[in-house]
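**Q** give the three-dimensional model of this entry:
(chains A and B)
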Amino acid sequence: MSAGERLRIAVPRGSLFPGTLDLLERLGLDVGAVRANERRLLFDESGIVTMRPSDVPTYVEHGAADIGITGKDVLLEQSGREVYELVDLRYGECRMIVAAREGDDAMGESLRRLGTVRIATKYPRIAARHFADTGRQAEIVEVKGSVELAPLTGLAEAIVDLTASGRTLAENRLTEREEIAVCTARLIANPVAHKLKAAAIDALAERTREAT
Amino acid sequence: MISPTPPGTRDVLPDEMRELRAISERLRGVFEDAGYGEVWTPTMEYEEVLARGDERAAGAGYRVFDDQGGVLVLRSDMTIPIARLVATRYPDAAGPIRLCYFAHSYRAVERGSGHSREFLQAGVELIGAPAPEGDAEVIALVIAALSEAGLKRHRIGVGDGSLYRILLASFDVPEAERLPLLEALSRRDLVGLEARVERLGLPAPARELLVELPTLRGGPEVLDRADGPVAGAVENLRACHELLAEWGIADRVIFDLGLVRELGYYTGAVFEVYDPAVGFAIGGGGRYDDLVARFGRALPACGVALDLERVHMAGTEEERLDERR
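**A** Modelled structure (predicted):
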(Lines give C-alpha, C1' and ligand atoms only; values in the text may rest on other atoms or scores of the structure.)
Protein backbone atom coordinates (compact mmCIF):
# COMPACT_ATOMS: atom_id res chain seq x y z
CA MET A 1 0.00 0.00 0.00
CA SER A 2 1.43 3.35 -1.00
CA ALA A 3 0.29 5.45 1.95
CA GLY A 4 2.61 3.96 4.52
CA GLU A 5 0.44 1.90 6.87
CA ARG A 6 -0.71 -1.43 5.58
CA LEU A 7 -4.37 -2.23 5.56
CA ARG A 8 -5.96 -5.63 5.96
CA ILE A 9 -8.76 -6.01 3.44
CA ALA A 10 -11.72 -8.39 3.83
CA VAL A 11 -12.64 -9.69 0.38
CA PRO A 12 -15.95 -11.47 -0.30
CA ARG A 13 -15.94 -14.84 -2.02
CA GLY A 14 -18.98 -15.66 -4.16
CA SER A 15 -20.53 -13.50 -6.85
CA LEU A 16 -18.63 -10.33 -5.89
CA PHE A 17 -15.28 -12.17 -5.89
CA PRO A 18 -14.19 -11.68 -9.54
CA GLY A 19 -15.21 -8.00 -9.63
CA THR A 20 -13.45 -7.35 -6.34
CA LEU A 21 -10.21 -8.98 -7.47
CA ASP A 22 -10.33 -6.98 -10.73
CA LEU A 23 -10.75 -3.78 -8.70
CA LEU A 24 -7.91 -4.62 -6.31
CA GLU A 25 -5.69 -5.43 -9.29
CA ARG A 26 -6.45 -2.03 -10.83
CA LEU A 27 -5.43 -0.50 -7.48
CA GLY A 28 -2.05 -2.19 -7.82
CA LEU A 29 -2.45 -5.09 -5.39
CA ASP A 30 -0.98 -8.43 -6.36
CA VAL A 31 -3.98 -10.75 -6.41
CA GLY A 32 -2.30 -13.58 -8.35
CA ALA A 33 -2.01 -15.78 -5.28
CA VAL A 34 -5.66 -15.14 -4.39
CA ARG A 35 -6.81 -16.13 -7.86
CA ALA A 36 -4.64 -19.27 -7.83
CA ASN A 37 -5.67 -20.58 -4.39
CA GLU A 38 -9.32 -21.62 -4.11
CA ARG A 39 -9.01 -22.84 -0.53
CA ARG A 40 -6.52 -20.51 1.13
CA LEU A 41 -8.22 -17.78 3.15
CA LEU A 42 -5.43 -15.53 4.42
CA PHE A 43 -2.96 -13.84 2.08
CA ASP A 44 -0.66 -11.89 4.38
CA GLU A 45 1.65 -10.76 1.59
CA SER A 46 -1.08 -8.61 0.03
CA GLY A 47 -3.11 -7.99 3.21
CA ILE A 48 -6.13 -9.84 1.79
CA VAL A 49 -8.43 -12.14 3.76
CA THR A 50 -11.26 -13.91 1.95
CA MET A 51 -14.60 -14.90 3.44
CA ARG A 52 -18.35 -15.15 2.86
CA PRO A 53 -19.79 -11.73 1.97
CA SER A 54 -22.04 -11.80 5.05
CA ASP A 55 -19.01 -12.21 7.33
CA VAL A 56 -17.24 -9.12 5.97
CA PRO A 57 -19.06 -6.61 8.25
CA THR A 58 -18.31 -8.81 11.28
CA TYR A 59 -14.55 -8.89 10.63
CA VAL A 60 -14.46 -5.18 9.84
CA GLU A 61 -16.59 -4.16 12.84
CA HIS A 62 -14.30 -6.03 15.22
CA GLY A 63 -11.18 -4.65 13.58
CA ALA A 64 -9.96 -8.07 12.40
CA ALA A 65 -9.84 -6.35 9.00
CA ASP A 66 -9.37 -2.59 8.56
CA ILE A 67 -11.52 -2.32 5.47
CA GLY A 68 -13.72 -4.66 3.48
CA ILE A 69 -15.88 -5.04 0.43
CA THR A 70 -19.38 -6.45 0.58
CA GLY A 71 -22.83 -6.02 -0.93
CA LYS A 72 -25.30 -3.35 0.15
CA ASP A 73 -27.76 -6.22 0.74
CA VAL A 74 -25.47 -7.55 3.48
CA LEU A 75 -25.13 -4.08 5.02
CA LEU A 76 -28.89 -3.53 4.99
CA GLU A 77 -29.48 -6.88 6.65
CA GLN A 78 -26.80 -6.19 9.29
CA SER A 79 -27.65 -2.52 9.78
CA GLY A 80 -26.56 -2.55 13.43
CA ARG A 81 -22.91 -3.13 12.54
CA GLU A 82 -20.68 -0.23 13.45
CA VAL A 83 -18.74 0.26 10.24
CA TYR A 84 -18.20 3.18 7.91
CA GLU A 85 -19.72 2.84 4.46
CA LEU A 86 -17.23 4.78 2.37
CA VAL A 87 -17.67 4.19 -1.35
CA ASP A 88 -20.31 2.82 -3.71
CA LEU A 89 -18.17 0.59 -5.93
CA ARG A 90 -21.00 0.25 -8.48
CA TYR A 91 -20.27 -3.34 -9.55
CA GLY A 92 -22.19 -6.46 -8.56
CA GLU A 93 -25.51 -4.72 -9.07
CA CYS A 94 -28.59 -6.65 -8.09
CA ARG A 95 -31.96 -5.86 -6.61
CA MET A 96 -33.73 -6.81 -3.37
CA ILE A 97 -37.29 -7.67 -4.37
CA VAL A 98 -40.56 -9.18 -3.27
CA ALA A 99 -41.60 -12.01 -5.60
CA ALA A 100 -44.62 -14.31 -5.66
CA ARG A 101 -46.12 -17.08 -7.80
CA GLU A 102 -47.14 -16.20 -11.34
CA GLY A 103 -50.80 -16.13 -12.18
CA ASP A 104 -52.55 -15.58 -8.85
CA ASP A 105 -52.24 -13.04 -6.05
CA ALA A 106 -51.55 -15.30 -3.08
CA MET A 107 -49.98 -12.43 -1.13
CA GLY A 108 -52.92 -10.03 -1.58
CA GLU A 109 -55.39 -12.82 -0.88
CA SER A 110 -53.64 -13.77 2.35
CA LEU A 111 -53.41 -10.16 3.52
CA ARG A 112 -57.10 -9.62 2.76
CA ARG A 113 -58.48 -12.79 4.34
CA LEU A 114 -55.92 -13.68 7.02
CA GLY A 115 -54.64 -10.21 7.80
CA THR A 116 -51.05 -11.27 7.37
CA VAL A 117 -48.74 -12.77 4.80
CA ARG A 118 -45.96 -15.32 5.18
CA ILE A 119 -42.67 -14.23 3.64
CA ALA A 120 -39.79 -16.66 3.18
CA THR A 121 -36.36 -15.07 3.02
CA LYS A 122 -32.68 -15.22 3.79
CA TYR A 123 -32.92 -11.54 4.76
CA PRO A 124 -35.33 -11.52 7.73
CA ARG A 125 -34.53 -7.99 8.86
CA ILE A 126 -34.83 -6.39 5.43
CA ALA A 127 -38.11 -8.25 4.86
CA ALA A 128 -39.55 -7.33 8.26
CA ARG A 129 -38.56 -3.68 7.84
CA HIS A 130 -40.02 -3.49 4.31
CA PHE A 131 -43.40 -4.86 5.35
CA ALA A 132 -43.50 -2.77 8.53
CA ASP A 133 -42.62 0.35 6.53
CA THR A 134 -45.42 -0.33 4.06
CA GLY A 135 -47.97 -0.93 6.81
CA ARG A 136 -48.55 -4.64 6.20
CA GLN A 137 -48.39 -7.43 8.75
CA ALA A 138 -46.00 -10.17 7.74
CA GLU A 139 -44.79 -13.38 9.28
CA ILE A 140 -41.15 -13.80 8.33
CA VAL A 141 -39.99 -17.38 7.73
CA GLU A 142 -36.21 -17.59 7.63
CA VAL A 143 -34.71 -20.17 5.28
CA LYS A 144 -31.07 -20.80 4.47
CA GLY A 145 -31.20 -22.32 0.99
CA SER A 146 -33.20 -21.82 -2.21
CA VAL A 147 -35.96 -19.43 -1.23
CA GLU A 148 -37.80 -19.94 -4.53
CA LEU A 149 -39.06 -23.26 -3.23
CA ALA A 150 -41.14 -21.65 -0.47
CA PRO A 151 -44.06 -20.20 -2.49
CA LEU A 152 -44.17 -23.31 -4.71
CA THR A 153 -44.64 -25.64 -1.75
CA GLY A 154 -46.94 -23.43 0.30
CA LEU A 155 -44.37 -22.60 3.00
CA ALA A 156 -44.99 -18.93 2.24
CA GLU A 157 -47.04 -16.75 -0.09
CA ALA A 158 -44.09 -14.66 -1.23
CA ILE A 159 -40.35 -14.27 -0.89
CA VAL A 160 -37.91 -11.44 -0.32
CA ASP A 161 -34.70 -12.17 -2.16
CA LEU A 162 -31.85 -10.78 -4.20
CA THR A 163 -32.06 -11.05 -7.98
CA ALA A 164 -29.58 -10.11 -10.65
CA SER A 165 -30.99 -11.37 -13.96
CA GLY A 166 -34.36 -12.66 -12.77
CA ARG A 167 -33.63 -16.01 -14.41
CA THR A 168 -34.00 -18.16 -11.29
CA LEU A 169 -37.32 -16.48 -10.56
CA ALA A 170 -38.58 -17.15 -14.08
CA GLU A 171 -37.43 -20.77 -14.02
CA ASN A 172 -39.49 -21.29 -10.88
CA ARG A 173 -42.48 -19.40 -12.29
CA LEU A 174 -42.19 -16.55 -9.83
CA THR A 175 -42.60 -12.89 -10.76
CA GLU A 176 -41.30 -9.75 -9.16
CA ARG A 177 -43.97 -7.76 -7.33
CA GLU A 178 -42.04 -5.00 -5.55
CA GLU A 179 -38.53 -3.60 -5.56
CA ILE A 180 -37.07 -2.91 -2.11
CA ALA A 181 -33.57 -1.67 -2.95
CA VAL A 182 -30.86 -1.68 -5.59
CA CYS A 183 -27.69 -3.18 -4.14
CA THR A 184 -24.10 -2.77 -5.32
CA ALA A 185 -20.72 -3.54 -3.78
CA ARG A 186 -19.57 -1.13 -1.06
CA LEU A 187 -16.23 -0.29 0.51
CA ILE A 188 -16.53 -0.32 4.30
CA ALA A 189 -14.08 0.55 7.09
CA ASN A 190 -13.59 -0.17 10.77
CA PRO A 191 -14.35 3.00 12.80
CA VAL A 192 -11.07 2.91 14.74
CA ALA A 193 -8.96 2.19 11.65
CA HIS A 194 -10.83 5.04 9.93
CA LYS A 195 -9.31 7.39 12.54
CA LEU A 196 -5.92 5.81 13.22
CA LYS A 197 -5.09 4.84 9.61
CA ALA A 198 -6.85 7.80 8.03
CA ALA A 199 -4.23 8.55 5.38
CA ALA A 200 -4.07 4.97 4.07
CA ILE A 201 -7.86 4.58 4.05
CA ASP A 202 -8.49 7.93 2.35
CA ALA A 203 -5.86 7.14 -0.29
CA LEU A 204 -7.45 3.77 -0.99
CA ALA A 205 -10.99 5.19 -1.07
CA GLU A 206 -9.86 7.92 -3.47
CA ARG A 207 -8.27 5.38 -5.81
CA THR A 208 -11.33 3.12 -5.76
CA ARG A 209 -13.48 6.13 -6.68
CA GLU A 210 -11.20 6.79 -9.63
CA ALA A 211 -11.15 3.12 -10.63
CA THR A 212 -14.92 2.61 -10.62
CA MET B 1 -26.39 -29.39 34.76
CA ILE B 2 -25.77 -26.08 33.04
CA SER B 3 -26.66 -22.93 34.95
CA PRO B 4 -26.17 -20.11 32.48
CA THR B 5 -25.70 -16.38 33.03
CA PRO B 6 -27.72 -14.06 30.76
CA PRO B 7 -26.11 -13.43 27.35
CA GLY B 8 -23.76 -10.44 27.47
CA THR B 9 -22.93 -10.96 31.16
CA ARG B 10 -20.14 -13.01 32.63
CA ASP B 11 -18.26 -14.09 35.72
CA VAL B 12 -14.80 -12.70 36.43
CA LEU B 13 -12.30 -15.09 38.01
CA PRO B 14 -9.27 -14.15 40.15
CA ASP B 15 -6.59 -13.88 37.42
CA GLU B 16 -8.62 -11.44 35.38
CA MET B 17 -9.97 -9.71 38.47
CA ARG B 18 -6.45 -8.96 39.70
CA GLU B 19 -5.58 -7.36 36.37
CA LEU B 20 -8.81 -5.37 36.18
CA ARG B 21 -8.28 -4.22 39.74
CA ALA B 22 -4.70 -3.17 38.98
CA ILE B 23 -5.86 -1.09 36.01
CA SER B 24 -8.65 0.58 37.97
CA GLU B 25 -6.28 1.34 40.88
CA ARG B 26 -3.88 3.08 38.50
CA LEU B 27 -6.66 5.06 36.85
CA ARG B 28 -8.10 5.97 40.25
CA GLY B 29 -4.69 7.18 41.42
CA VAL B 30 -4.39 9.57 38.47
CA PHE B 31 -7.97 10.79 38.88
CA GLU B 32 -7.60 11.34 42.64
CA ASP B 33 -4.25 13.14 42.21
CA ALA B 34 -5.97 15.52 39.81
CA GLY B 35 -8.62 16.25 42.43
CA TYR B 36 -11.38 13.99 41.11
CA GLY B 37 -13.13 12.40 44.09
CA GLU B 38 -14.77 9.03 43.62
CA VAL B 39 -18.55 8.66 43.93
CA TRP B 40 -21.11 5.90 43.85
CA THR B 41 -24.69 6.25 42.68
CA PRO B 42 -27.52 3.70 42.75
CA THR B 43 -27.50 1.03 40.04
CA MET B 44 -31.26 1.57 39.75
CA GLU B 45 -32.84 4.96 39.29
CA TYR B 46 -36.36 6.25 38.68
CA GLU B 47 -37.00 6.27 34.96
CA GLU B 48 -38.69 9.69 35.16
CA VAL B 49 -35.56 11.13 36.77
CA LEU B 50 -33.13 9.75 34.17
CA ALA B 51 -35.54 10.80 31.42
CA ARG B 52 -35.00 14.42 32.49
CA GLY B 53 -31.43 14.01 31.27
CA ASP B 54 -32.29 12.16 28.06
CA GLU B 55 -35.78 11.28 26.91
CA ARG B 56 -34.80 7.67 26.26
CA ALA B 57 -33.03 7.55 29.66
CA ALA B 58 -29.80 7.28 27.61
CA GLY B 59 -31.10 4.12 25.99
CA ALA B 60 -31.63 2.16 29.20
CA GLY B 61 -32.63 -1.39 28.32
CA TYR B 62 -34.01 -2.87 31.55
CA ARG B 63 -36.95 -1.68 33.62
CA VAL B 64 -38.73 -3.05 36.65
CA PHE B 65 -41.69 -1.90 38.73
CA ASP B 66 -41.02 -1.48 42.42
CA ASP B 67 -43.51 -2.20 45.21
CA GLN B 68 -44.94 1.33 44.91
CA GLY B 69 -45.55 1.06 41.18
CA GLY B 70 -42.57 3.30 40.36
CA VAL B 71 -40.64 2.45 37.19
CA LEU B 72 -36.98 1.75 37.91
CA VAL B 73 -34.33 1.44 35.24
CA LEU B 74 -30.89 -0.06 35.36
CA ARG B 75 -28.71 2.92 34.47
CA SER B 76 -27.12 2.82 31.02
CA ASP B 77 -24.58 5.53 31.68
CA MET B 78 -23.11 7.39 34.65
CA THR B 79 -23.26 10.93 33.33
CA ILE B 80 -26.98 11.51 33.92
CA PRO B 81 -26.86 10.09 37.49
CA ILE B 82 -23.87 12.31 38.26
CA ALA B 83 -25.65 15.37 36.84
CA ARG B 84 -28.51 14.50 39.21
CA LEU B 85 -26.09 13.98 42.09
CA VAL B 86 -24.32 17.30 41.55
CA ALA B 87 -27.53 19.31 41.31
CA THR B 88 -29.01 17.71 44.43
CA ARG B 89 -26.00 17.10 46.72
CA TYR B 90 -24.03 20.24 45.83
CA PRO B 91 -26.80 22.83 45.50
CA ASP B 92 -24.52 25.75 46.41
CA ALA B 93 -20.93 24.55 45.98
CA ALA B 94 -18.97 27.04 43.93
CA GLY B 95 -16.24 26.36 41.46
CA PRO B 96 -15.56 23.30 39.41
CA ILE B 97 -16.68 20.01 40.96
CA ARG B 98 -14.43 17.12 39.97
CA LEU B 99 -15.81 13.60 40.31
CA CYS B 100 -14.80 10.15 39.14
CA TYR B 101 -16.48 6.75 39.22
CA PHE B 102 -15.86 3.05 38.69
CA ALA B 103 -19.20 1.42 38.11
CA HIS B 104 -21.25 -0.98 36.01
CA SER B 105 -23.85 0.22 33.56
CA TYR B 106 -26.35 -1.79 31.52
CA ARG B 107 -27.69 -1.70 28.00
CA ALA B 108 -29.71 -3.88 25.70
CA VAL B 109 -27.64 -5.60 23.02
CA GLU B 110 -28.44 -7.82 20.10
CA ARG B 111 -27.84 -11.48 20.68
CA GLY B 112 -24.66 -12.72 19.06
CA SER B 113 -23.29 -9.21 18.57
CA GLY B 114 -20.44 -9.85 20.99
CA HIS B 115 -21.29 -6.73 23.01
CA SER B 116 -21.81 -6.74 26.78
CA ARG B 117 -25.09 -6.04 28.53
CA GLU B 118 -23.26 -5.25 31.73
CA PHE B 119 -20.11 -3.19 31.32
CA LEU B 120 -17.67 -1.65 33.74
CA GLN B 121 -16.89 2.02 33.23
CA ALA B 122 -14.18 4.23 34.68
CA GLY B 123 -14.96 7.86 34.13
CA VAL B 124 -14.48 11.46 35.11
CA GLU B 125 -16.92 14.37 35.14
CA LEU B 126 -15.75 17.97 35.37
CA ILE B 127 -18.70 20.14 36.35
CA GLY B 128 -18.61 23.91 36.43
CA ALA B 129 -15.69 24.36 34.00
CA PRO B 130 -16.54 25.78 30.58
CA ALA B 131 -14.92 25.07 27.21
CA PRO B 132 -12.19 25.12 26.10
CA GLU B 133 -10.22 24.79 29.37
CA GLY B 134 -12.58 22.14 30.75
CA ASP B 135 -12.42 20.08 27.56
CA ALA B 136 -8.63 20.22 27.48
CA GLU B 137 -8.36 19.26 31.16
CA VAL B 138 -10.50 16.16 30.68
CA ILE B 139 -8.69 15.12 27.49
CA ALA B 140 -5.29 15.50 29.17
CA LEU B 141 -6.45 13.60 32.24
CA VAL B 142 -7.71 10.63 30.23
CA ILE B 143 -4.52 10.46 28.19
CA ALA B 144 -2.41 10.51 31.36
CA ALA B 145 -4.59 7.94 33.13
CA LEU B 146 -4.39 5.48 30.22
CA SER B 147 -0.61 5.85 30.05
CA GLU B 148 -0.47 5.10 33.76
CA ALA B 149 -2.67 2.05 33.13
CA GLY B 150 -0.05 0.72 30.72
CA LEU B 151 -1.30 1.76 27.29
CA LYS B 152 1.21 3.33 24.92
CA ARG B 153 -0.55 4.02 21.67
CA HIS B 154 -3.93 5.39 22.74
CA ARG B 155 -5.38 8.46 21.03
CA ILE B 156 -8.40 10.66 21.58
CA GLY B 157 -10.68 11.69 18.74
CA VAL B 158 -12.13 15.14 19.33
CA GLY B 159 -15.00 16.59 17.34
CA ASP B 160 -18.01 18.77 17.86
CA GLY B 161 -21.45 17.23 17.61
CA SER B 162 -23.05 20.55 16.65
CA LEU B 163 -20.98 21.14 13.49
CA TYR B 164 -23.21 19.29 11.07
CA ARG B 165 -26.38 20.83 12.48
CA ILE B 166 -24.83 24.28 12.05
CA LEU B 167 -23.99 23.47 8.42
CA LEU B 168 -27.50 22.23 7.69
CA ALA B 169 -29.05 25.31 9.24
CA SER B 170 -26.73 27.74 7.46
CA PHE B 171 -27.49 26.20 4.05
CA ASP B 172 -31.25 26.35 4.77
CA VAL B 173 -31.63 22.61 4.27
CA PRO B 174 -35.36 21.85 4.70
CA GLU B 175 -36.23 20.54 8.19
CA ALA B 176 -37.59 17.28 6.79
CA GLU B 177 -34.23 16.51 5.17
CA ARG B 178 -32.10 17.26 8.23
CA LEU B 179 -32.95 14.25 10.35
CA PRO B 180 -32.25 11.65 7.62
CA LEU B 181 -28.90 13.35 6.95
CA LEU B 182 -27.96 13.36 10.64
CA GLU B 183 -29.04 9.72 10.90
CA ALA B 184 -26.89 8.75 7.91
CA LEU B 185 -23.95 10.52 9.57
CA SER B 186 -24.61 8.76 12.86
CA ARG B 187 -24.84 5.38 11.05
CA ARG B 188 -21.50 6.23 9.38
CA ASP B 189 -23.21 5.74 6.01
CA LEU B 190 -21.16 8.19 3.96
CA VAL B 191 -22.47 6.75 0.68
CA GLY B 192 -26.07 7.37 1.72
CA LEU B 193 -25.13 10.80 3.06
CA GLU B 194 -23.55 11.84 -0.23
CA ALA B 195 -26.56 10.58 -2.24
CA ARG B 196 -28.93 12.58 -0.02
CA VAL B 197 -26.79 15.70 -0.23
CA GLU B 198 -26.70 15.45 -4.04
CA ARG B 199 -30.50 15.40 -4.11
CA LEU B 200 -30.74 18.69 -2.19
CA GLY B 201 -29.66 20.63 -5.27
CA LEU B 202 -27.36 22.99 -3.35
CA PRO B 203 -24.63 25.11 -4.94
CA ALA B 204 -21.29 23.29 -5.31
CA PRO B 205 -19.39 24.77 -2.32
CA ALA B 206 -22.22 23.92 0.10
CA ARG B 207 -22.57 20.42 -1.38
CA GLU B 208 -18.85 19.78 -1.09
CA LEU B 209 -18.66 20.95 2.51
CA LEU B 210 -21.60 18.72 3.50
CA VAL B 211 -19.95 15.69 1.89
CA GLU B 212 -16.41 16.50 2.96
CA LEU B 213 -16.89 17.52 6.60
CA PRO B 214 -17.51 13.98 7.93
CA THR B 215 -14.25 12.82 6.35
CA LEU B 216 -12.09 15.59 7.85
CA ARG B 217 -9.92 14.06 10.55
CA GLY B 218 -6.28 14.35 11.54
CA GLY B 219 -4.09 17.01 13.11
CA PRO B 220 -4.99 20.67 13.72
CA GLU B 221 -4.70 21.32 9.97
CA VAL B 222 -8.21 19.84 9.48
CA LEU B 223 -9.58 22.74 11.52
CA ASP B 224 -8.37 25.12 8.83
CA ARG B 225 -10.35 23.24 6.23
CA ALA B 226 -13.62 23.74 8.11
CA ASP B 227 -14.35 27.21 6.82
CA GLY B 228 -17.58 28.98 6.01
CA PRO B 229 -20.40 28.63 8.49
CA VAL B 230 -18.55 26.32 10.90
CA ALA B 231 -15.38 28.43 11.12
CA GLY B 232 -16.67 29.92 14.37
CA ALA B 233 -17.64 26.59 15.85
CA VAL B 234 -14.20 25.09 15.33
CA GLU B 235 -12.64 27.98 17.22
CA ASN B 236 -13.27 26.09 20.45
CA LEU B 237 -11.44 23.05 19.07
CA ARG B 238 -8.57 25.28 18.04
CA ALA B 239 -8.36 26.81 21.52
CA CYS B 240 -8.44 23.30 22.97
CA HIS B 241 -5.59 22.29 20.65
CA GLU B 242 -3.48 25.26 21.77
CA LEU B 243 -3.80 24.19 25.41
CA LEU B 244 -2.96 20.57 24.63
CA ALA B 245 0.01 21.68 22.52
CA GLU B 246 1.26 23.76 25.45
CA TRP B 247 1.09 20.67 27.63
CA GLY B 248 2.94 18.63 25.00
CA ILE B 249 0.21 16.10 24.28
CA ALA B 250 -1.38 17.48 21.12
CA ASP B 251 -0.02 14.56 19.09
CA ARG B 252 -2.35 12.27 21.05
CA VAL B 253 -5.40 14.04 19.67
CA ILE B 254 -7.13 13.38 16.35
CA PHE B 255 -9.50 16.15 15.36
CA ASP B 256 -12.47 14.48 13.76
CA LEU B 257 -15.13 16.79 12.36
CA GLY B 258 -17.43 13.90 11.47
CA LEU B 259 -17.50 12.55 15.01
CA VAL B 260 -20.99 12.25 16.46
CA ARG B 261 -22.10 10.53 19.65
CA GLU B 262 -25.45 8.85 20.02
CA LEU B 263 -26.49 10.44 23.30
CA GLY B 264 -28.65 13.52 22.94
CA TYR B 265 -27.29 15.60 25.82
CA TYR B 266 -23.99 16.64 24.25
CA THR B 267 -23.80 20.33 23.41
CA GLY B 268 -20.24 20.91 22.20
CA ALA B 269 -17.03 18.93 21.98
CA VAL B 270 -17.39 15.15 21.76
CA PHE B 271 -14.65 12.62 22.44
CA GLU B 272 -13.86 9.05 21.49
CA VAL B 273 -10.90 7.10 22.85
CA TYR B 274 -9.02 4.65 20.62
CA ASP B 275 -6.22 2.18 20.85
CA PRO B 276 -4.94 0.54 17.67
CA ALA B 277 -5.00 -2.86 19.40
CA VAL B 278 -8.81 -2.85 19.70
CA GLY B 279 -11.31 -2.47 16.84
CA PHE B 280 -13.85 -0.62 19.00
CA ALA B 281 -13.59 2.75 20.71
CA ILE B 282 -12.43 2.09 24.29
CA GLY B 283 -14.18 5.15 25.68
CA GLY B 284 -16.09 8.28 24.85
CA GLY B 285 -17.67 11.40 26.18
CA GLY B 286 -18.22 15.07 25.56
CA ARG B 287 -19.46 18.41 26.77
CA TYR B 288 -22.99 18.66 28.18
CA ASP B 289 -23.60 22.25 29.17
CA ASP B 290 -27.42 21.90 29.49
CA LEU B 291 -27.65 18.61 31.35
CA VAL B 292 -27.04 19.63 34.97
CA ALA B 293 -29.53 22.49 34.51
CA ARG B 294 -32.25 19.92 33.81
CA PHE B 295 -31.74 18.79 37.42
CA GLY B 296 -31.74 22.32 38.82
CA ARG B 297 -28.26 23.85 38.54
CA ALA B 298 -27.03 25.63 35.42
CA LEU B 299 -23.43 24.44 35.19
CA PRO B 300 -21.29 23.77 32.13
CA ALA B 301 -19.73 20.32 32.25
CA CYS B 302 -17.89 17.63 30.36
CA GLY B 303 -16.67 14.11 30.97
CA VAL B 304 -15.28 10.89 29.55
CA ALA B 305 -16.10 7.27 30.35
CA LEU B 306 -13.66 4.46 29.62
CA ASP B 307 -14.82 0.89 29.08
CA LEU B 308 -12.53 -0.88 31.56
CA GLU B 309 -12.77 -4.29 29.93
CA ARG B 310 -11.77 -2.83 26.59
CA VAL B 311 -8.91 -0.91 28.20
CA HIS B 312 -7.79 -4.23 29.65
CA MET B 313 -8.11 -5.85 26.22
CA ALA B 314 -6.01 -3.07 24.66
CA GLY B 315 -3.37 -3.49 27.36
CA THR B 316 -3.02 -7.24 26.91
CA GLU B 317 -2.95 -6.86 23.12
CA GLU B 318 -0.24 -4.19 23.33
CA GLU B 319 1.79 -6.47 25.62
CA ARG B 320 1.48 -9.29 23.11
CA LEU B 321 2.63 -7.07 20.24
CA ASP B 322 5.60 -5.84 22.31
CA GLU B 323 6.66 -9.42 23.04
CA ARG B 324 6.58 -10.27 19.35
CA ARG B 325 8.94 -7.44 18.49
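
**Q** break down the chain into its helices, ranges please.
**A** Picked chain A for this. A:17-26, A:32-36, A:56-61, A:72-77, A:106-114, A:124-133, A:149-153, A:167-171, A:191-196, A:198-211 (DSSP state H).

**Q** was after chain B, sorry
**A** B:14-33, B:47-53, B:79-89, B:133-148, B:163-170, B:175-186, B:190-199, B:204-212, B:221-225, B:235-246, B:308-324.

**Q** okay, the helices of chain A in CSV with mean neighbour count next?
**A** Any C-beta I mention is one placed from the backbone N, CA and C, and that applies to glycine too. Below are the helices of chain A laid out as CSV (neighbours: other C-beta atoms under 10 Å in any protein chain shown):
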stretch, mean neighbour count
helix A:17-26, 18
helix A:32-36, 13
helix A:56-61, 24
helix A:72-77, 22
helix A:106-114, 15
helix A:124-133, 17
helix A:149-153, 16
helix A:167-171, 13
helix A:191-196, 23
helix A:198-211, 17
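
**Q** excluding chain neighbours, what is closest to B:Arg310?
**A** Among residues not flanking B:Arg310 along the chain, B:Ile282 sits closest, at 4.2 Å (C-beta to C-beta, 6 or more residues apart in numbering or on different chains).

**Q** count the neighbours of that neighbour for me.
**A** 24 (other C-beta atoms under 10 Å in any protein chain shown).

**Q** about what we covered before: could the helices of chain B be laid out in CSV, adding mean pLDDT and mean neighbour count?
**A** Output for the helices of chain B, formatted as CSV (pLDDT from 0 to 100; neighbours: other C-beta atoms under 10 Å in any protein chain shown):
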stretch, mean pLDDT, mean neighbour count
helix B:14-33, 97, 15
helix B:47-53, 91, 18
helix B:79-89, 96, 22
helix B:133-148, 97, 23
helix B:163-170, 91, 18
helix B:175-186, 91, 14
helix B:190-199, 94, 18
helix B:204-212, 91, 15
helix B:221-225, 90, 15
helix B:235-246, 95, 18
helix B:308-324, 90, 17
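
**Q** any chance of those helices in JSON lines, plus distance to A:Thr212?
**A** Shown next, in JSON lines, are the helices of chain B (distance: least, C-beta to C-beta, whole Å):
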{"stretch": "helix B:14-33", "distance to A:Thr212": "45"}
{"stretch": "helix B:47-53", "distance to A:Thr212": "45"}
{"stretch": "helix B:79-89", "distance to A:Thr212": "43"}
{"stretch": "helix B:133-148", "distance to A:Thr212": "39"}
{"stretch": "helix B:163-170", "distance to A:Thr212": "27"}
{"stretch": "helix B:175-186", "distance to A:Thr212": "21"}
{"stretch": "helix B:190-199", "distance to A:Thr212": "12"}
{"stretch": "helix B:204-212", "distance to A:Thr212": "17"}
{"stretch": "helix B:221-225", "distance to A:Thr212": "25"}
{"stretch": "helix B:235-246", "distance to A:Thr212": "34"}
{"stretch": "helix B:308-324", "distance to A:Thr212": "35"}
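
**Q** one step back: what's the pLDDT at the residue nearest to B:Arg310?
**A** Looking at B:Ile282, its pLDDT stands at 96.

**Q** please apply the same query to the one 4 residues further on.
**A** The model reports B:Gly286 with a pLDDT of 95.

**Q** report the beta-bridge partners for it.
**A** On the basis of DSSP bridges, B:Gly286 is bridged to B:Val270, B:Gly303.

**Q** which parts of chain B sit against chain A?
**A** Taking C-beta under 8 Å from any C-beta of the partner chain as the contact definition, chain B meets chain A at B:110, B:113-114, B:155, B:157, B:187-192, B:215, B:217-218, B:254, B:256, B:272, B:274-276, B:278-281.

**Q** at 6 Å what do you get?
**A** B:Glu110, B:Gly157, B:Arg188, B:Asp189, B:Leu190, B:Val191, B:Arg217, B:Gly218, B:Ile254, B:Tyr274, B:Pro276, B:Gly279 (C-beta under 6 Å from any C-beta of the partner chain).

**Q** and which of the residues you listed is nearest chain A?
**A** Using C-beta to the nearest C-beta, B:Gly279 comes nearest to chain A of those, at 1.8 Å.

**Q** still on that earlier bit, A:Leu86 is nearest to which of the helices of chain B?
**A** helix B:190-199 (5.6 Å; C-beta to C-beta).

**Q** who does that closest one touch, helix- and strand-wise?
**A** Applying 3 or more C-beta pairs under 6 Å, 6 or more residues apart in numbering or on different chains; DSSP states H and E, one finds that helix B:190-199 contacts strand A:84-88, helix B:175-186, helix B:204-212.

**Q** got a list of contacts for the first one?
**A** Which is strand A:84-88. A:184, A:186-189, A:194, A:205, A:208-209, B:188-191 (C-beta atoms under 6 Å, 6 or more residues apart in numbering or on different chains).

**Q** report the mean confidence score over that strand.
**A** Mean predicted lDDT for strand A:84-88 stands at 96.

**Q** between the helices of chain A, which one is nearest to B:Ala233?
**A** If you check each of the helices of chain A against B:Ala233 by C-beta to C-beta, helix A:191-196 wins as the nearest, at 20.2 Å.

**Q** who in chain A is up against chain B?
**A** A:His62, A:Gly63, A:Gly80, A:Tyr84, A:Glu85, A:Leu86, A:Asp88, A:Asn190, A:Val192, A:Lys195, A:Leu196, A:Ala198.
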